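In: heads up, no residue letters with this:
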């Protein structure tokens, strides 16, 4: 009986071990299946990471190209703006230079007119002074001289009017001369 009890105990232990072994084999199969599943998922994840890295590199290259393109566009825009500003400045300078040259020509012409008018004024003053002196000497002579005197006075008035006009032009010319000259 002790033996049969011992065999029965051994059978119980053996059955327990058999159950544990079967349970362990089932768990091992489940773990192997889970492991395979995880390996497949890991492989998918590795492939996704590789794909994402490839896309990231492509995006970085595209971004770098876009930055370079933007830099070139900006450089071209700056060059275009410089060219436009230079052209505008040159045009403005040419216009100002034309105005200056016209003013210079006008000034030269006005100076010549002023010299001519000054000579006319000097000549008129001399002739008027001589005529006035002559009129004073002839004052006491007859009617014929009176008519001549009236005529000379009319000439003098005309000359004074011219002299007044010439004086006005001379003042204008002196004012123009006082303006700063551009070279």
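Out: On my side now, so go ahead. The structure displayed is predicted, hence computed values, not measured ones.
In: CA atoms for contacts and neighbours, from now on please.
Out: OK.
In: Stretch 100-112: how far from the chain's middle?
Out: In terms of CA atoms, centre = their mean, to the nearest Å, the centre of stretch 100-112 is found 35 Å from the chain centre.
In: For it, the averaged confidence score.
Out: Mean pLDDT, taken over the full extent of stretch 100-112, equals 88.
In: same deal with stretch 165-183?
Out: pLDDT averaged over stretch 165-183 gives 74.
In: again, but for stretch 60-73
Out: Per-residue scores along stretch 60-73 average to 93.
In: again, but for stretch 20-39
Out: Stretch 20-39 comes out at a mean pLDDT of 85.
In: List of residues touching it?
Out: Where contact means CA atoms under 8 Å, 6 or more residues apart in numbering, no residue beyond stretch 20-39 reaches it.
In: can we see that at 10 Å?
Out: 14, 15, 16, 17, 18, 19, 40, 41, 42, 43, 44, 45 (CA atoms under 10 Å, 6 or more residues apart in numbering).
In: Which members of these are positioned in helices?
Out: Within these, residues falling in helices by DSSP state H are 14, 15, 16, 17, 18, 19, 40, 41, 42, 43, 44, 45.
In: Now flag whichever of those residues is closest to residue 155.
Out: Using CA to CA, residue 45 comes nearest to residue 155 of the ones in helices among the contacts of stretch 20-39, at 119.5 Å.
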